[in-house]
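In: Build the 3D model from these lines:
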Amino acid sequence: MAQYTMINRFKIFSLLITMLVCQGTLFSQRTFVKSIETNKRNRSVFVFASGNSPIVWQTDSLSLSKYDKCGSEIWHKQYKFTTPNRIVLKSGFKTLMNGKFVFVTTENYTNYRNSRVTLIDSNGNISWSKSFRMANSTMVSYSVMQNSSGDLFIFGSKNAIGGGPSNCFIYKLNLNGNVLWSKSYSIGGTWGGAILTSDQGILMRTGLQFIKINSLGNVQWSTSISDLGSYFFAAPIEVSDGYIFTGTNSGTSLSMSFYKLDKQGNLPALHKKTITLNSIHRSLTLKTDSSFVCVLNASLTRQFPTIIEMDKDLNIVKKNTLHLSNSTVKLLGTGIAFLSDGTPIVSGITDSAFNNKSFFGLLTTDYKLGCDTSIYDSTFIQTITQTTLTVTSVNTASLVEEDSSYTEMTLNFALKTLCEDNTFSLDLGADTTICPNSSIVLYNKSSERYDQYTWSTGANTPSISVNMAGVYWLTATDNCSGVTISDTILVGISNFPIPSDSTMDTVICNNEYITINAQIPMGIYLWQDNSSLPYFVADKPGNYYVDITSDNCTQRFNYTIKSCSGLFIPNVFSPNGDNINDMFTIRYLGFDSYNLLIYNRWGDIVFESNDRDIHWNGDFNNKIVSQGVYFYVLSIGEKRHKGNVSVFR
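Out: The predicted structure follows:
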């Protein structure tokens, strides 16, 4: 067992007792579901996030509400227009930059329909609202998007007045509501949706037909998926390697299918995955570029909102079903979003017969409410086919702004709590040890998120990194309930055995060897050359290291071996054949490169050598040189040594 380093155990015990007395009971996170008590009955209710505020959009009543994270109303607005609106499946809604909002609706006139766009400021007030007409056409609007420059794109379908084939349309507005361009495309359908893509283009969907256009509205690719017996109307989403969309399979028991296209519009290896939950699905919510979330409604009466998180390869990551077990109220889920701190929020209506109140709720990060149940389901994979479409893009005549009148009302509706859990949990985990010279990140391991954090170190962040032994504690506060709870953790540092040679700073000469002994009991070794013995034999200077693993800890030990600098240059020799001092012998024991040049007094090179073991015997051109002074230049690595040597007979 790893041992703790020296800590004052009496102080630790006292701190633990103090923290346990102050610590709150550990439960689950605060959650709630609240219904909006209005007389207007809504069929489709969608939730969005503006920072840490839930935004609830009720399509049938054209009302928009903003709440704080505690579920209290900030404002509630309802919008009315001169021409009656006919909501087709849903009105496209979008949260914009700078806390603004925009929605599109479809307006009925005597023999045609218009597309209305309404911009809402951060306080819920209408900045402008304009109804646009396309010449000789009746229009149905589905989606609204915003690009990085702030411009708006509206997607829908159109027919010639009096009948004819359906086409798709896109028109672009600036934030003042001025039309920049409009185009139509030669495929269409009764239902659809579109998204702005990461390359600032648009992917349009109508049924199982898809058109990808660039930022100017020009077609890049188009395709049609072959799959019978399904309802298809929700907009796709974009993940890192493609686009995902859904369909509801018709029959006695409705099931949900998830489909995928790559970024070029081709079906990847996994074409379609079906989950056997009875549901008509409305939307997908992107969580990250590799995961997404949706709300399905399980059972034949579709009264159990089931939240499913999937990765980009359509594998289920998390799943939970909401159920008001202590209430006769039934829930039908229609939307999900995430606050800026990552908290999931859900919306829908109470009662599966589409005739009751809107609701919204705050969930844990595991999509739990505290009033939950389990629904059995299974998944299976199918293969489908696709065909290439030929799409004609046409620049349409300028849109006509037909009406810009509107009214708005500030409403105050009561909220009824259907389910609420105000108990909390905080868990730093079990006491632990860390390896020497390492650190550990401490954080609340439960799924709860809090508004305020105070650590024993003085930090106010959700997590801290520590590298010293001691007792650490965290106090967390939920502002809505005022609840504050604490938890503690004891962190120790394990003792790591010291190898026989823990460090080394020595010198090696040419033709020598040095053995580095790093052995410890039960050690596992990995040297810089990937050898795994407990020792290493060095035959030249350099920096050596070994990573030693013991008791799940790994430590690196470094060793420096320098080249010896021994150098002896004589200043005289006598090449007379008496075997006494007959050679000009330079002794160098290091490892650097070697070059010796010897000159006579006229500057002629009389001897040269790059080998420290080859010495000058006094010969030049096979004759013994005359007595006198000769000059040498010796290069050792980057250093140069100059001098002279005297030759005697």
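In: Show me where the stretch 151-300 of the chain dips below the pLDDT cut-off.
Out: By pLDDT under 70, the low-scoring segments of the stretch 151-300 of the chain are 189-190, 228-231, 250-254, 278-282, 298-300.
In: Quick one: the strands in it, in order.
Out: Taking DSSP state E, counting those that start in this stretch, the strands of the stretch 151-300 of the chain run over residues 152-160, 167-173, 179-185, 192-196, 202-206, 209-213, 219-226, 230-231, 237-239, 242-249, 255-261, 272-275, 284-288, 291-298.
In: and if you look at the stretch 1-150 of the chain?
Out: Taking DSSP E, counting those that start in this stretch as the test, the strands found in the stretch 1-150 of the chain are 31-37, 45-50, 53-58, 63-67, 73-80, 93-95, 101-108, 113-120, 126-133, 137-146.
In: pLDDT on the last one, on average?
Out: Across strand 137-146, the average pLDDT comes to 92.
In: cool, and the fifth one?
Out: When pLDDT is averaged along strand 73-80, the result is 92.
In: Sheet partners, orientation included, of it?
Out: Looking at strand 73-80 with DSSP bridges, its partner strands are strand 63-67 (antiparallel), strand 407-410 (antiparallel).
In: buried stuff in the shortest one?
Out: Buried residues in strand 407-410, defined by neighbour count with 16 or more other Cβ atoms under 10 Å: residue 408. All C-beta atoms are positioned from the backbone trio N, CA, C, and that covers glycine.
In: Now it - C-alpha only, CSV.
Out: Taking only C-alpha atoms (Å, rounded to 0.1, in the frame of the first residue of the first chain), the coordinates of strand 407-410 have been written out as CSV:
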residue,chain,number,x,y,z
THR,A,407,-49.1,44.4,-31.9
GLU,A,408,-47.5,42.9,-28.8
MET,A,409,-48.8,42.3,-25.3
THR,A,410,-47.0,41.9,-22.0
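In: Please state the offset of it from the chain centre?
Out: Using Cα atoms, centre = their mean, to the nearest Å, we find the averaged C-alpha position of strand 407-410 to lie 40 Å away from the chain's own average C-alpha position.
In: can you pull the contacts of residue 481?
Out: Contacts here follow Cβ atoms under 8 Å, 6 or more residues apart in numbering; on that basis residue 481 touches 30, 422, 424.
In: out of those, which one sits closest to residue 51?
Out: residue 30 (18.9 Å; Cβ to Cβ).
In: any idea of the pLDDT on the closest one?
Out: Note for residue 30: predicted pLDDT of 72.
In: got a list of what the closest residue to it other than its chain neighbours touches?
Out: Closest residue in space to residue 30, ignoring its immediate chain neighbours: residue 422 at 5.1 Å, by Cβ to Cβ, 6 or more residues apart in numbering. Shown in contact with residue 422 (Cβ under 8 Å, 6+ apart): 30, 481, 483.
In: sec struct for the second one, please.
Out: It stands for residue 481. Here residue 481 is coil, with the state taken from DSSP: H, G, I helix; E, B strand; the rest coil.
In: and the gap between it and residue 70?
Out: According to Cβ to Cβ, to the nearest Å, residue 481 and residue 70 sit 8 Å apart.
In: got it, and residue 145?
Out: Relative to residue 70, residue 145 is positioned 31 Å away (criterion: Cβ to Cβ).
In: list the buried ones in the helix or strand hosting residue 631?
Out: With secondary structure defined by DSSP states H and E, residue 631 is part of strand 628-636. Of all the residues in strand 628-636, those buried under the rule 16+ other Cβ under 10 Å are 630, 632, 634, 636.
In: Which one of these is nearest to residue 457?
Out: Relative to residue 457, and with distances defined as Cβ to Cβ, the nearest of the buried residues of strand 628-636 is residue 636, at 54.2 Å.
In: hey, what's that closest one bridged with?
Out: The bridge-partner assignment for residue 636, based on DSSP bridges, gives residue 594, residue 639.
In: With residue 346 instead?
Out: Using DSSP bridges, the beta-bridge partners of residue 346 come out as residue 336, residue 361.
In: Please apply the same query to residue 466.
Out: Beta-bridge pairing for residue 466 (DSSP bridges): residue 440.
In: Tell me the confidence at it?
Out: Taken from the predicted model, the pLDDT recorded for residue 466 is 96.
In: Test my guess that it contacts residue 490.
Out: No: counting by Cβ atoms under 8 Å, no contact exists between residue 466 and residue 490, whose distance comes to 11.4 Å.
In: circling back: I'd like the strands of the stretch 1-150 of the chain as CSV, with mean neighbour count and distance to residue 206 appended.
Out: Written out in CSV, the entries for the strands of the stretch 1-150 of the chain read as follows (neighbours: other Cβ atoms under 10 Å; distance: least, Cβ to Cβ, whole Å):
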stretch, mean neighbour count, distance to residue 206
strand 31-37, 22, 32
strand 45-50, 22, 20
strand 53-58, 24, 23
strand 63-67, 23, 27
strand 73-80, 17, 27
strand 93-95, 19, 19
strand 101-108, 21, 15
strand 113-120, 24, 15
strand 126-133, 19, 20
strand 137-146, 23, 9
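In: Thanks again, I'm all set now.
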